[in-house]
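In: Just a sequence and a predicted model for now, questions to come.
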2 protein chains.
Amino acid sequence: MYRTHHCGELNANYIGETITLSGWVQKIRDKGSVVWVDLRDRYGITQLIFDEARSNQNLIDKSKTLGREFVVQATGTVIERSSKNPNIPTGDIELLVTDLICLNASKTPPFTIEDETDGGDTLRMQYRYLDIRRNPIRNNLIFRHRIAQLVRNYLSEHDFIEVETPVLIKSTPEGARDFVVPSRMNPGQFYALPQSPQTFKQLLMVGGMDRYFQIVKCFRDEDLRADRQPEFTQIDCEMAFVEQEDILLTFEGLTRHLITSTTGNDPGKFPRMTFSEAMKRYGNDKPDIRFGMAFGELNKFSKHKEFQVFNNSELVVGIAVPKGNELTRKNIDQLTDWVKRPQVGALGMVYVRCLEDGTFKSSVDKFFDQTDLAHWAEITVANAGDLILVLSGESDKVRSQMSALRMEMAERLGLRDPKVFAPLWVVDFPLLEWDDESRRFHAMHHPFTSPKPEHMDLLKSDPGAVNANAYDLVLNGNEIGGGSIRIHDKATQSQMFDLLGFSQEEAEAQFGFLMNAFEFGAPPHGGIAFGLDRLVAILGGQETIREFIAFPKNNNGRDIMIDAPSPIDQNQLNELSLNLK
Amino acid sequence: MYRTHHCGELNANYIGETITLSGWVQKIRDKGSVVWVDLRDRYGITQLIFDEARSNQNLIDKSKTLGREFVVQATGTVIERSSKNPNIPTGDIELLVTDLICLNASKTPPFTIEDETDGGDTLRMQYRYLDIRRNPIRNNLIFRHRIAQLVRNYLSEHDFIEVETPVLIKSTPEGARDFVVPSRMNPGQFYALPQSPQTFKQLLMVGGMDRYFQIVKCFRDEDLRADRQPEFTQIDCEMAFVEQEDILLTFEGLTRHLITSTTGNDPGKFPRMTFSEAMKRYGNDKPDIRFGMAFGELNKFSKHKEFQVFNNSELVVGIAVPKGNELTRKNIDQLTDWVKRPQVGALGMVYVRCLEDGTFKSSVDKFFDQTDLAHWAEITVANAGDLILVLSGESDKVRSQMSALRMEMAERLGLRDPKVFAPLWVVDFPLLEWDDESRRFHAMHHPFTSPKPEHMDLLKSDPGAVNANAYDLVLNGNEIGGGSIRIHDKATQSQMFDLLGFSQEEAEAQFGFLMNAFEFGAPPHGGIAFGLDRLVAILGGQETIREFIAFPKNNNGRDIMIDAPSPIDQNQLNELSLNLK
C-alpha cells in the first residue's frame, strides 16, 4: 500500500493521526535544522516537515537528497502548522515525517511544473507527460471528462443510446480529404477513417434506433490551420421521427444543462437568427452576441451626396462602438491602418464621433451634414459618447471586414468575457453554395441535408435559392454544433447527388448502400454534431483546443513526443502490397 | 410533430385519449371489414384498428395499401381491445385510427423482421440496418450502451478520469500487426492505429493523472479467427501508486457491480488461482469454474502396473464426469472418437465407471485393481454414479486435450449455463514465454509488465522462471480482462527489451519516449484492460460478439454493407506518395 490518503485531503481533523502519502516533490525549503517538502499529487499539496528537534537525523539527511519531481512515499504524524497557509485546503497542517522512501528519482524537468511555466509550446509538447502534471492542463483534462460525463448521462436519461460505429470504413471523395488505411487482406484496397459517422447514424435511424449519440473520434487529412487537429472528437447525435424544432429543443436542453452545470448560471432560452440575418447584422454566420455593435446598413442615407467612395459601393455599413468617442485621433488612425491590413482588406474607414451634446463630428463632414449623421446614428443605435465606424464596398467583402472590425473592437473593449455564455441558434442555411473554382454547387452542410419542403420546387429552377433545414449552434462566436434534417427518400437523395455533380454511377458506388436503405422504410430523421474539443475549451473559458487534448499533434500533424508519423519497415510495405514513390 | 407517444407505452389508462404514433408496419391482418395493423417502434408494438363500423372507408382503403416495414404516422383514439393480449404491455388497448399518413414505403425486406429471422448471416450483415430493427439485435445494442454507462459512472465515482488518447500513433513491430495510415504531409511516413493505448496510459500515470480509464477502439491487423474483429473496443484502465492487490480489488468491484446490476445477483468475492494451478487443475489459463470436473493427476497410482501407455506418459490425468455412469458403451466410444479427432489430438481414452455399490468397472481392469481405481476416484473426487475419464501423454498436450474434453462434457451436461456467472482471477503469470520458432522469449503479457520483485534476480540467470505481477480476469471460461503492474524505471525496462531481443537502438527508436519519461519521476503504476465486446456478449448470455456490434466486419475484415475496403483514386495514391505493387 503506497498511501492511506491523498495530498489534498488532510486538515485539522486529522491532527495526531499517522498517515502515509505518496507524490511528487514540488518544492524543498532547507533551513538547515528544518526541511520542508511540498508533496504534490493529483488532488493537492501537503507540506512535509523534517526537523532536528523531532526527526531522526538520518531522515533529515535523506530529505536533503531529494530533488524536484522525485517520487516519494512519506509516513508521519499530522501536526498543526505554526504558520498556516489559508490558500490551500491542507494549509492548517503538515506531516511530521517518520519514514521516507524515495520511489523514483527525477532528472531536472526541462520546464517548471507550475501553473505558469517557463516551457515553450514545443518543449511542453515534447514532454507532454510533464506538462500534464501542471494544474491547468490536468484540470482541463478533468474538466473535459466531466463534460463528457454530463453529456452521456443527460442523453442517456433522454433515451439516447450510445452506439459505436466503425472506424475502418470506406473512402468517399466528397467533403475533406480522408485518411486511408491499406488493407493487407485485400491488396490494393483501402479503408478510410471517418470524417464523421454520418451515414452510419442515418442507417441506425433506418434501423429503428430512434435516438442515437456517440462521443467519437473523427479524422480529416487537411492542411492544418492553427488550432485544428487531424483527429478530433465529436458528440454525434441523430433522432428519428423529428422535425427541426424537436432537435433544436432537445439539444438546447443539453447545452443549457452543460452551461448551467459548469457555470451555475442558466443561460435561459437560446435566441434564434436566420443565416441571412446573421450575415446582414454581424457579417458572419457565427456571430458573437455577448455584445452589441450590430451592423447598421447606411446605403439610404449615405449614397445621396457627392462622396464617390460610398456612391460606388454596393454596401455602406456602420457599427456604433460604445464610448468610442474616447478614442484619440491617433487611436482611430491606427484602427484605420488595422482594417487596411491584407488580413482584413478594407480600403479605408470613415468615422463619426457622437458628441455628448448630441451633435456629430465625422471624417466626412465635407460631404454629410448633421441630419445625415443623425440617421447613421439612429440606424447603428449609437448613443452620445459612441464612435460610429463605417466601411463600404462589395457586400460580401465589406460584411466580412466589418465582422473582423467588430470582433477587434470587442476584444479591445474587453467585451469578450470568457465567463459570459451567449448561445445562439443560426437557422435557415442555404442548401448549396456555388464554388467558382470548380464551377459547381457544393453542399453547404453535407449532401444528406434536406431542402426545406417549401423550396423543393426550386431545386430544379434555382438551386442556389433553396434553403435547408440546417442549423448551427453558436456559442460566443464559435460554431459548437451543426446539423440538419436529412433526406430520407431515394429520389431526393439522387437529385441532390446530381446537383453536386455526381454521376449516377459514382453516387451508386459511394452511397448506394444508403440509397438502398432508404427504400426499406426510412423514417424522417435529423441530427446534430458538436465539436467536443472546441465546446470544452469554450466552456472552460479558453480558446485553444490543444490545452484540452491530452496528446495533441502540432500544425504539421506530428506528435513530437512519440515522433509520429515515422517510416515503417519494408516488410510492412510488402505485406500491404505498396511501394513508396 | 410526428408522434405524441411511443408504441410501447399506451395502456388502459389512456383509453379515450387522442394519440399520434409513428413507426413501422410489423403485420397487417385484413379481415375485409376490419383491418388490424401492428405498428412497431424501438419501444414496442401498438395495434391499430380500422373498421367499417367506426372508420371512414377511405381510411380503410388506405390501410390496405400498406405493406410490411412501411413507415406510417397514425392518429386516433385509444380504445379497449375486445380480445386482449397479455404478452405485451400495450395488449389491453388498440388505436382506432382517424388519420393515417404513409411517411415512407418499403420494398419487401430480404428477411423477416422477427425475433427469429429467416435471414442468413451474410444477408443480415448486408442489410444490417434491417437486422438492427429486430428486437434481439436492438436489445443487444441497448444492453451494450447500458454496460458502458455502468462502467463510466462506476469508474467516475471512484475518481477515474476518462482521457482520450490519440488514434494516429506510431507503428511498433512488437505485438500483433499494426494497421498503418500513410501521412500525406510527411511523405514516406506512416501513423499506426493503436493496438491498445498502453504507452499513453502509462505516460498519463507519469503525468500524475493517477486513475485513468477509457472506453476505446483498438485495432489489430490479424488473420481473423472466427469471432475476432479487426477493430474492437477495450475498457482500458490504469492506476498509479498501486500494488497488484489494489488493482484486483478495484476492478473486482467494477465487475461485481456490472454482474449485480445486470443480473440482480451479487457473485460475491471472486476466487483467485495461480496460473500454474489453473494449468494443473483445468489445463487452461482461463478455466470455466461454473462446474467442477477439476483434473486429478494420477501418475502416482497409474504408473506402477504393466500398462505401458501410462508408464510411457509424462502425465496421466482424469476428471470425474458427474452421473457419467449413465453413458452407454456406445456413448463412450463416440467420446473416444471425439478426443481422437485432430482438433483435440488424444491417442485414446481410458474410462472408469463408478458403480452405485462403490465398486469400479474400467476399460483397463486388466491392469488396475479396485484399490488403484479407488485412488483414482479419490483424486478426481468421483462419486458413485460418476464416470472417470483419463487421458495421458506429454504434460502440456494432455492438459490441453483434457481441457477440451472437460468443456465438451460440460456442454453436453448443460453445465455451461449462460445465466450463471463465475468470475475468477488468474494470477502469477510467467513474465516470458519461449517461442521455438523465433528462438527467443516473447512477453507473455507485454513488454511493459513488471517481474515480481522477488524474481528480479532470476531475470539474468533463468528468465523463463520469472513470474510477473500479471493477472487475468476470467468469466465463464473467457478472459474478459488482463493486466499487470508495469515497469516504471528505465533500467528494468531496458533489461526487458534486451531479453525480448531488441537492440538498444531499436528500443530507443520505438520506445525512447517512454524510457525518457521514466527518468522524470515515474510513479509505481499498473492497470488492466477489458474486452468490451466479449464482456457484453457474456453478460448478455451469449457467445458471439458480432451480435453485440452495430456494424461488424466479416472474417475477411470486410464490411459487406458499405463494401469496404475498396480501391481508391490514383489521385489519392499520388497525394500519399504511394504506388500499388
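Out: Looks like it came in fine.

In: where along the stretch 401-550 of chain A do the strands fall?
Out: A:423-427, A:432-435, A:440-443, A:470-475, A:478-485, A:525-531 (DSSP state E, counting those that start in this stretch).

In: looking at those, which is closest to chain B?
Out: Chain B sits nearest to strand A:525-531 of all those, at 10.0 Å, using Cβ to the nearest Cβ. (C-beta placed from N, C-alpha, C; glycine too.)

In: any idea which element the residue of the stretch 251-400 of chain A found nearest chain B lies in?
Out: Among the residues of the stretch 251-400 of chain A, A:S261 lies closest to chain B, at 14.0 Å counting by Cβ to the nearest Cβ. For A:S261, the enclosing helix or strand under DSSP states H and E is helix A:244-263.

In: mind listing what's buried in the helix or strand that comes right after that helix?
Out: Counting by DSSP H and E, the next helix or strand C-terminal to helix A:244-263 is strand A:272-274. For strand A:272-274, the neighbour count (16 or more other Cβ atoms under 10 Å in any protein chain shown) marks A:M273 as buried.

In: List of residues touching strand A:272-274?
Out: Strand A:272-274 is contacted from outside by A:L248, A:R281, A:P287, A:L424, A:W425, A:V426, A:V427, A:D428, using Cβ atoms under 8 Å, 6 or more residues apart in numbering or on different chains.

In: Out of these, flag the one nearest to B:G76.
Out: A:L248 (28.4 Å; Cβ to Cβ).

In: count of neighbours near the residue of the stretch 251-400 of chain A closest to chain B?
Out: For A:S261, the neighbour count with other Cβ atoms under 10 Å in any protein chain shown is 14.

In: what residues are up against it?
Out: Contacts of A:S261 by Cβ under 8 Å, 6+ apart are A:L150.

In: Distance-wise, check it relative to A:W434.
Out: A:S261 sits 42 Å away from A:W434, going by Cβ to Cβ, to the nearest Å.

In: Kindly report the same for A:L475.
Out: Plainly put, A:L475 is 29 Å away from A:W434 if you go by Cβ to Cβ.

In: residue ranges of the helices in the stretch 101-250 of chain A, please?
Out: Secondary structure of the stretch 101-250 of chain A (DSSP state H, counting those that start in this stretch): helices at A:121-126, A:128-131, A:135-157, A:198-206, A:244-263.

In: which helices and strands does the longest one pack with?
Out: Yep, that's helix A:135-157 we're talking about. Applying 3 or more Cβ pairs under 8 Å, 6 or more residues apart in numbering or on different chains; DSSP states H and E, we find helix A:135-157 packed against strand A:161-162, strand A:211-219, helix A:244-263, helix A:532-539, helix B:135-157, strand B:161-162.

In: buried residues in the longest one?
Out: Neighbour-count burial for helix B:135-157, with 16+ other Cβ under 10 Å as criterion, is recorded at B:137-138, B:140-152, B:154-156.

In: avg pLDDT for that helix?
Out: For helix B:135-157, mean pLDDT rounds to 98.

In: how about low-confidence regions in chain A?
Out: Within chain A, the stretches with pLDDT under 70 are A:173-174.

In: okay, now the domains of it?
Out: A:12-104, A:133-167+A:210-278+A:417-549, A:291-412 (automatic domain parsing).

In: measure stretch A:513-525 end to end?
Out: End-to-end span of stretch A:513-525 (Cα to Cα, to the nearest Å): 17 Å.

In: Does that stretch reach chain B?
Out: Yes - Stretch A:513-525 is in contact with chain B by Cβ under 8 Å from any Cβ of the partner chain, via A:F513, A:A517, A:F518, A:E519, A:F520, A:G521, A:A522, A:P523, A:P524.

In: how about these in JSON lines, adding distance to A:M561 and neighbour count?
Out: Formatted as JSON lines, the residues of stretch A:513-525 next to chain B follow (distance: Cβ to Cβ, whole Å; neighbours: other Cβ atoms under 10 Å in any protein chain shown):
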{"residue": "A:F513", "distance to A:M561": "39", "neighbour count": "21"}
{"residue": "A:A517", "distance to A:M561": "42", "neighbour count": "24"}
{"residue": "A:F518", "distance to A:M561": "45", "neighbour count": "22"}
{"residue": "A:E519", "distance to A:M561": "49", "neighbour count": "14"}
{"residue": "A:F520", "distance to A:M561": "48", "neighbour count": "25"}
{"residue": "A:G521", "distance to A:M561": "49", "neighbour count": "28"}
{"residue": "A:A522", "distance to A:M561": "45", "neighbour count": "28"}
{"residue": "A:P523", "distance to A:M561": "46", "neighbour count": "24"}
{"residue": "A:P524", "distance to A:M561": "47", "neighbour count": "22"}
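
In: out of those, who's nearest chain B?
Out: Closest approach between the residues of stretch A:513-525 next to chain B and chain B, by Cβ to the nearest Cβ: A:G521, at 3.5 Å.

In: List the contacts of the nearest residue to A:V426 once chain neighbours are set aside.
Out: In space, and not counting its chain neighbours, A:V426 is closest to A:D472: 4.6 Å by Cβ to Cβ, 6 or more residues apart in numbering or on different chains. For A:D472, the contact set (Cβ under 8 Å, 6+ apart) comprises A:D285, A:K286, A:W425, A:V426, A:F429, A:E479, A:G481, A:G482.
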